[in-house]
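Participant: attaching a predicted model along with its sequence, questions to come.
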Amino acid sequence: MTTILGLSGSLRRASYNAGLLRAASELVPEGVTIDIGSISDVPLYDADEEAEAGLPDAVQQLQTQLAAADALLLVTPEYNNGMPGVFKNAIDWMSRGPGLEMFVGKPVAVIGASPGGFGTIMAQDHWLPVLRTLRARPWQDRRLMVSKAGNVFDDEGSLVDESVRERLAKFVAGFAKMIETA
């Protein structure tokens, strides 16, 4: 069984990216599961807080999920042509303490959805230096950027467009195949 930790970089209830992650978890090939983690309780990083209290429970939970996963799927919104600060903050926390070693060599794929016309191309590109620094293995054979997300998700944030679901299923299957050969 291949396990992928999936994280959405949005805190919004009806987030397109959380919906994209949920859809990905439904479309995985046989023998693959996506364990959906949450960044919603991760506080802003503060080295003084870390020194005084250690890693917050929410970060320890994410680290436990990352350690148990064969790969990581980042589902990123794009804010002001870049990655969301809240998402980067969560990854920064996850890399603290024993977390950094959990990223080394870990296959990582980045996808995303945006109401704009260019999908999340800039945010996805901004993740590459971070993943390189963490010494993860970014999967770059395919890209999935969902643009004009308001047209493919319903009001609750569920992916309803069949052509996007097909593209997502192919993307997840390709990523799963890479993980198997890693």
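Facilitator: Alright, I've got the coordinates.

Participant: quick one: the residue nearest to F171 when sequence neighbours are not counted from Q61, how far?
Facilitator: Spatially, and ignoring its direct neighbours in sequence, F171 is nearest to L144 (4.5 Å; C-beta to C-beta, 6 or more residues apart in numbering). For every residue, glycine as well, the C-beta is placed using N, CA and C. From L144 across to Q61, the span is 27 Å (C-beta to C-beta, to the nearest Å).

Participant: between these two, who's got more neighbours?
Facilitator: L144 (23 against 15; other C-beta atoms under 10 Å).

Participant: what sits against the more buried one?
Facilitator: For L144, the contacting residues are I111, G112, R167, L168, F171, by C-beta atoms under 8 Å, 6 or more residues apart in numbering.

Participant: the residues you listed in helices, which ones?
Facilitator: R167, L168, F171 (DSSP state H).

Participant: for the closest residue to the first one other than its chain neighbours, give me phi and psi.
Facilitator: The spatially closest residue to R167, leaving aside those adjacent along the chain, is L144, at 6.2 Å (C-beta to C-beta, 6+ apart). With angles defined as degrees, to the nearest 10, L144 sits at phi -140, psi 110.

Participant: how about the one 3 residues further on?
Facilitator: In this entry, S147 is assigned phi and psi values of phi -100, psi 170 (degrees, to the nearest 10).

Participant: helix or strand: which one has the residue nearest to it when sequence neighbours are not counted?
Facilitator: The shortest distance from S147 to any non-neighbouring residue, by C-beta to C-beta, 6+ apart, is to G119 (4.2 Å). Under DSSP states H and E, no helix or strand contains G119.

Participant: run a quick neighbour tally on G119.
Facilitator: G119 has 20 neighbouring residues, counting by other C-beta under 10 Å.

Participant: same question, the one 10 residues further on
Facilitator: When neighbours are defined as other C-beta under 10 Å, P129 has 9 of them.

Participant: so what pLDDT did it get?
Facilitator: Note on P129: pLDDT of 97.

Participant: any idea how far it lies from P29?
Facilitator: Counting by C-beta to C-beta, the gap from P129 to P29 is 30 Å.

Participant: what does G37 give?
Facilitator: G37 sits 21 Å away from P29 when distances are taken as C-beta to C-beta.

Participant: these two: which is more packed in?
Facilitator: G37 (23 against 14).

Participant: need the pLDDT of the more buried one.
Facilitator: Confidence score, pLDDT, at G37: 98.
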